[in-house]
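Colleague: Show me how the following folds:
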Amino acid sequence: MTSDPKDTKPPRKHNDFRDKVLERLVHDEDREIEDIRSEEHNRMSTNMFLSVGFTVLFTIWAVIQGESLLTIASQAKSFVTRNLSWFFILLATGSLIYLMYLAFSRFGDVVLGDPEDQPEFSDLSWYSMLFSAGMGVGLLFWGGAEPVIHFLHPPVGNPATVEAARQAMGITLFHWGLHGWGVYTLCAVAVAYYGFRKRKKYLVSSAVVDLFASPTLNKGLKLVADLTATLAIIFGVAASVGMGTYQLAAGFSHAYGWTAAKSGVGYAVILVLVTIAFIASATTGLKKGIQILSNVNMGMCIALMLFVFLCGPTLFILKLFVDSLGQYLSALPSLGFRVAPFTPAYEHWMADWTLTYFTWWIAWAPFVGIFIARISRGRTIKELILGSLAVPTLFTVAWFSVFGGTGLWYEMNTNEGIGHLVAGPNGDPAVGLFALLGHLPLSGVTSTLSLCLLFTFLVTSADSATFVIAMMTTEGDLEPRLGTKVMWGTLLATVTGILVSQGSIEPIQAAALSSAFPYSLVLILMALAVPIRLAHQVAKRRL
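Modeller: Numbering: from 1, shown residues only. Okay, the predicted model is just below:
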């Protein structure tokens, strides 16, 4: 019996792009893992020499031509935030949508490692480490200050009203919630999957290095991806350490009257102590130094938050937590796409706040993303995504409800608010936490605890960053050599010290923000590459 030609199905079209990617990647699965790790441990990459050279030149420029650097930095920051708003908003929101697809698709149960692997760290240690690396210093700096600033200077509407208070909490949570962690997690999923499951090197470039047919193009892409990621880490973390140094000095000055702390010598002493501590921690390895300090940080955070919750306006905080969570979730779809092209005043405000935060999270993504990937072996893609998004975001809502809510309560119900200290003409957000604690019992004890917490957060952030930079510049070595970590720790402290001594971290912030755009293009390529390989694994039933 002859078949009807109409019933004959045409041959299935092949996706040449996908097939070529898979052909170039499949050989990694056949290599011995010891050979890959040995290769990494004995190679000093081109990225090492270029990143060191660029950092040294930037530092020399800051010393010799500090004023011109400030001008260029301000212009670069303005250009990035004002002309690329649509791109960064879309990227951050798109990252969340993409991650939800991965988590709840057929790929969600893929184990990041061998199928029989178990998580390397307990849930508590895992959450503590990723939280300490991702948000610690920033939450201490802005926890009591940012809601009050938005309350007194709202982007829309009248200041110091009930609506301004609700808007202030919603905006603050938008800045610190899911979008920042979404960018981190996108990077983490790609690095963890290609590193632990596909035996690639633990580098940002591993997910994108085989995307094109040309070996020359792939080689150039690898260098650009790893170099932009490394520089973003260096400048992003240096700015964070600088910000933390300012807050430590402000805390000593406000809480104890040690005005000398806010001098060049005071900044230098603080930075030297932080540097000694995080280099000492780096010598102990990941499972001792960073893990122990992160657990201590989390314990002190919870203790401080419980104290303010119990001694502050407790009932108001409980109501605010529920109200703010609802306000945030209901406004999320609108805020996640708001660019305000018809409202110049709001667009200007957004450039100073929302876009600065979003570009900051993107600049930090290679650091936090690689670190999350490194500590996530044995977890599934769904566990990594939901754990990295939900738990830190809920903790962030609780933190700002306690500290920001207490600040708002004093501002709205008493004459002893902290608004003039953090949002006045000469206001300084760095004193917000200590001014808030001054209204509560045992302020001397809690201020001391806050200073200790800030110090340990600085140490864990710098320690984690040093670890990741050392990995990035030694071809993804999971256990970088001590000398490499010490070298990068010293260089990181030097960059921070020189710029802090000049009274501004704006140049280093601008460098981090400027690196966000090229790195964001790498993030897009990573997002395209991961589903291709995951689909191949599902098709081959190798899950």
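
Colleague: tell me the SS of residue 415?
Modeller: The three-state assignment at residue 415 reads coil, by DSSP: H, G, I helix; E, B strand; the rest coil.

Colleague: Next one: it from residue 317, what distance?
Modeller: From residue 415 across to residue 317, the span is 21 Å (CB to CB, to the nearest Å). For glycine as for every other residue, the C-beta is placed from the backbone atoms N, C-alpha and C.

Colleague: Between those two, which is the more surrounded one?
Modeller: When residue 415 and residue 317 are compared for neighbours, residue 317 comes out ahead with 22 against 6, by other CB atoms under 10 Å.

Colleague: residues contacting that one?
Modeller: 309, 401-402, 405-406 (CB atoms under 8 Å, 6 or more residues apart in numbering).

Colleague: go on, residue 196?
Modeller: For residue 196, the contact set (CB under 8 Å, 6+ apart) comprises 112-113, 117, 373, 376-377.

Colleague: of all these, which two lie farthest apart?
Modeller: The distance between the two most remote of the contacts of residue 196 (CB to CB) is 13.9 Å, for 117 and 373.

Colleague: Show me which of those two is the more surrounded one.
Modeller: Legend: neighbour count by other CB under 10 Å for residue 117 and residue 373, higher for residue 373 (26 against 14).

Colleague: tell me what the one helix or strand that one maps to is packed against?
Modeller: Secondary structure assignment for residue 373, by DSSP states H and E: helix 354-374. Applying 3 or more CB pairs under 8 Å, 6 or more residues apart in numbering; DSSP states H and E, one finds that helix 354-374 contacts helix 66-83, helix 85-104, helix 123-134, helix 162-176, helix 178-192, helix 215-256, helix 443-472, helix 506-539.

Colleague: quick one, which of the ones you listed is nearest to residue 141?
Modeller: Closest approach to residue 141 among these (CB to CB): helix 215-256, 5.4 Å.

Colleague: returning to what we had before: mind checking how far the helix holding residue 373 is from the chain centre?
Modeller: 3 Å (CA atoms, centre = their mean, to the nearest Å).

Colleague: Please apply the same query to stretch 67-87.
Modeller: Here stretch 67-87 shows a centroid-to-chain-centroid distance of 20 Å under the convention CA atoms, centre = their mean.

Colleague: And that stretch, what's buried?
Modeller: If you call a residue buried by 16 or more other CB atoms under 10 Å, then stretch 67-87 has these buried ones: 69-70, 72-73, 76-77, 80-81, 84-85, 87.

Colleague: will you turn the helices and strands packed on helix 354-374 into CSV that also has distance to residue 368 and mean pLDDT?
Modeller: Shown next, in CSV, are these (distance: least, CB to CB, whole Å; pLDDT from 0 to 100):
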stretch, distance to residue 368, mean pLDDT
helix 66-83, 20, 78
helix 85-104, 13, 96
helix 123-134, 5, 78
helix 162-176, 14, 96
helix 178-192, 4, 95
helix 215-256, 9, 87
helix 443-472, 8, 89
helix 506-539, 13, 81
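
Colleague: between those helices, which one is nearest to residue 279?
Modeller: Among those, the nearest to residue 279 by CB to CB is helix 443-472 (7.6 Å).

Colleague: The closest one vs helix 123-134, what angle?
Modeller: Interaxial angle of helix 443-472 relative to helix 123-134 (axes from the mean of the first three to the mean of the last three CA atoms, to 10 degrees): 90 degrees.
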